[in-house]
Each structure stands twice: as structure tokens, then as C-alpha cells.
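Colleague: got a predicted structure here, sequence first:
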Amino acid sequence: GAVVSQHPSRVICKSGTSVKIECRSLDFQATTMFWYRQFPKQSLMLMATSNEGSKATYEQGVEKDKFLINHASLTLSTLTVTSAHPEDSSFYICSAQGLAGETWETQYFGPGTRLLVL
Amino acid sequence: SQKIEQNSEALNIQEGKTATLTCNYTNYSPAYLQWYRQDPGRGPVFLLLIRENEKEKRKERLKVTFDTTLKQSLFHITASQPADSATYLCAPREGGKLIFGQGTELSVKP
């Protein structure tokens, strides 16, 4: 149980285009989803927290107009990187937290999306 | 400021030995502390959670301790195997968020 998927797993795009990444909780309802970013050999950095039906809460230094987050249902959150630039190239990982029991106490992570902006 | 420190150097051990990874935190009072495993190019996989009122938690070959006085957690893998080679992440939870350490890279040699 507690499986989280991400799509796509890898994306290459041109500078100036927008990219959408989907995060789905497959076997539980996720009231809260988190988006992280990870550079090579570095720790996961929290970008934003989203609760179903509410606006996302962004961490300090993360541009909300650049990284649009939508959490429209209890099983789906999307991250859109708008007007992507090479410095946005990174590994983006989502996690989901459920309503009760083990899924409430723990964040379960997706497999990640590798974004390369040319 | 809040800070998490894990073994900065990679840990190389022989198969069959016990691996011990350290996580120290400052300026936190986490209600939970979680350990994850991360393989290259993959998202973290949850291993164990330990609460502030628990001293020790075990799961198969894994053991975690949590000392809130020392502000430290130790993560042990007994009878280590080459398949245990990965980066292990410590993540105290406070206020609903996980804050990750930089991870310790473990390499188990046959």
C-alpha cells in the first residue's frame, strides 16, 4: 500500500516553455501533498505544501508564479514550471500524506521527475 | 537556525557487518523522526518512523534509536548486504513538515 506515482519520469524542454508534472496517490487519499526539488548530491528541499482544495503554501524563496501548484482532488496534484529556464533543471519529487493511520504519520514519495531545460 | 547533520563521509563496510548511521539535529523539537532510503535517480522510500516518546524501533534487520536529550538518532542495519547500498536520509518532522539531512551514502562490499 501507500503508492505514489509521478508522470513524466523524465522531460526535456526548450527554454521558455512550460512543463507540467503530475503526482498521484494510487491507493490512498492524500489530503496533503508536498513538492520537493533535489540537486545532485544535495538534500531534498521543500518547495511547497498543498492541501486539497486550497492554495499551496510556498517555502521562502520559491516563486509561486514560477511554480504553479494545483491540488484539485484527493489523489492528484500538479506542478507546472512556467517559462522554464536552464537553472530550473533539477529532480522534482512529490510526496503524499493521507488522512489516518500510517499514511497520516508518514510522507510517501513518488519516483521523481528529471527535468532538463535546454 | 535549524540544522540536521548526518555522517558527511560515505560509509564503506563489509557484507555481514552492522552499519551504523548518525543523525544529529539542532534547534528542533521533532515529534517524529523518519528514515528513508534513496537510490540514484529515484524518490526516497520510507523505512522507519520513531516518535519522541520512543527510545527504539525495530523492523527486520533495521533498528532506529532516538535520544531527544542528545538530539540524535542512530540507524542500524545488521547483517548488511550489498543490496543495502544506497543513500540513507534522516528527516525530523516538526509542524507537519519533514526537513531532510544531506544523507549518508552506504556502500556494502561483498
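Modeller: Alright, I've got the coordinates. Here the structure is a predicted model, which means the values were calculated and not measured.
Colleague: residue numbers of chain B in contact with chain A?
Modeller: Selection of chain B residues close to chain A by CB under 8 Å from any CB of the partner chain yields B:32, B:34, B:36, B:41-46, B:49, B:89, B:96-103. C-betas here are computed from N, CA, C, even on glycine.
Colleague: try 7 Å this time
Modeller: Proximity of chain B to chain A, by CB under 7 Å from any CB of the partner chain, involves residues B:32, B:34, B:42-44, B:46, B:49, B:97-98, B:100-103.
Colleague: can you pick the most crowded of the residues you listed?
Modeller: Across the residues of chain B next to chain A, neighbour numbers were computed from other CB atoms under 10 Å in any protein chain shown; residue B:44 holds the maximum, 30 neighbours.
Colleague: didn't it look like it was pressed against residue A:109?
Modeller: Yes: under the criterion of CB atoms under 7 Å, residue B:44 is in contact with residue A:109, at a separation of 4.8 Å.
Colleague: pLDDT score for residue A:102?
Modeller: At residue A:102, the pLDDT value in this model is 69.
Colleague: ok, and the closest non-adjacent residue to residue 13?
Modeller: Just so you know, I chose chain A. residue A:19 (5.3 Å; CB to CB, 6 or more residues apart in numbering or on different chains).
Colleague: oops, I was thinking of chain B
Modeller: If the residues on either side of it in the chain are set aside, residue B:13 comes closest to residue B:19, at 5.3 Å by CB to CB, 6+ apart.
Colleague: OK, contacts around that neighbour?
Modeller: B:11, B:13, B:76, B:77, B:80, B:106 (CB atoms under 7 Å, 6 or more residues apart in numbering or on different chains).
Colleague: if we use 10 Å, what do you get?
Modeller: With contact set as CB atoms under 10 Å, 6 or more residues apart in numbering or on different chains, residue B:19 has these partners: B:11-13, B:61, B:75-80, B:84-85, B:88, B:104, B:106-108.
Colleague: next: residue B:62.
Modeller: Here residue B:62 is in contact with B:35, B:37, B:47, B:48, B:75, B:76, B:77, B:78, B:84 (CB under 10 Å, 6+ apart).
Colleague: which of those count as buried?
Modeller: Listed as buried from those are B:35, B:37, B:47, B:48, B:75, B:76, B:77, B:84; burial here means 16 or more other CB atoms under 10 Å in any protein chain shown.
Colleague: export the residues you listed to TSV and tack on secondary structure?
Modeller: What follows is the buried ones among the contacts of residue B:62, written out as TSV (DSSP: H, G, I helix; E, B strand; the rest coil):
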residue	secondary structure
B:35	strand
B:37	strand
B:47	strand
B:48	strand
B:75	strand
B:76	strand
B:77	strand
B:84	helix
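Colleague: tabulate the residues you listed in JSON lines, adding columns for distance to residue A:14.
Modeller: JSON lines is the format used below for the buried ones among the contacts of residue B:62 (distance: CB to CB, whole Å):
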{"residue": "B:35", "distance to residue A:14": "39"}
{"residue": "B:37", "distance to residue A:14": "35"}
{"residue": "B:47", "distance to residue A:14": "39"}
{"residue": "B:48", "distance to residue A:14": "43"}
{"residue": "B:75", "distance to residue A:14": "43"}
{"residue": "B:76", "distance to residue A:14": "48"}
{"residue": "B:77", "distance to residue A:14": "44"}
{"residue": "B:84", "distance to residue A:14": "41"}
